[in-house]
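Colleague: Whatever this is, show me its structure:
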Amino acid sequence: MAIVVVGQFRLPAERMEEARPMMRKVMEATRAEAGCIEYNYAEDVLDPGLIRVSEVWETRAQLTAHLKTPHMAVWGEERAGLGLTGRNITVFEADAGTTL
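Modeller: Predicted structure coming up:
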């Protein structure tokens, strides 16, 4: 059973240029983790500063381990410094899915 994480957070639009290298760094480190199938941040085209989150993990244990990594601790500090607000993240258990 796959673990799917979806959600969003908001950064001040005027800080996005500063935020992008930080997001890239955490995305690259996370994508290298065991059990990470997908890990994505995407800025909403219609709402600057709104970041959409999507993740897929092999197991909940691997997601839990991810949340304790050093790069996530750094990202937690960085995003707070950027003025992150509106964080709303939900975790789902899902079957293998089918292609549309």
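Colleague: what helices or strands is the lengthiest helix in the chain leaning on?
Modeller: When the chain is parsed with DSSP state H, its longest helix is helix 16-31. Identification of packing neighbours for helix 16-31 by 3 or more Cβ pairs under 8 Å, 6 or more residues apart in numbering; DSSP states H and E yields strand 36-43, helix 70-82. In short, each C-beta sits where N, CA and C put it, glycine included.
Colleague: Check which element follows the last one along the chain.
Modeller: In other words, helix 70-82. Toward the C-terminus, helix 70-82 is succeeded by strand 85-94 as the next helix or strand (DSSP states H and E).
Colleague: and the angle for that next one with helix 70-82?
Modeller: Interaxial angle of strand 85-94 relative to helix 70-82 (axes from the mean of the first three to the mean of the last three Cα atoms, to 10 degrees): 150 degrees.
Colleague: Show me how far strand 85-94 is from its chain's centre.
Modeller: Distance of strand 85-94 from the chain centroid (Cα atoms, centre = their mean, to the nearest Å) equals 10 Å.
Colleague: swap in stretch 61-69?
Modeller: 12 Å.
Colleague: Just the angle for whichever strand or helix holds Thr64 relative to strand 85-94, thanks.
Modeller: Element membership for Thr64 (DSSP H and E) is helix 60-67. Helix 60-67 runs at 160 degrees relative to strand 85-94, counting by the same axes, to 10 degrees.
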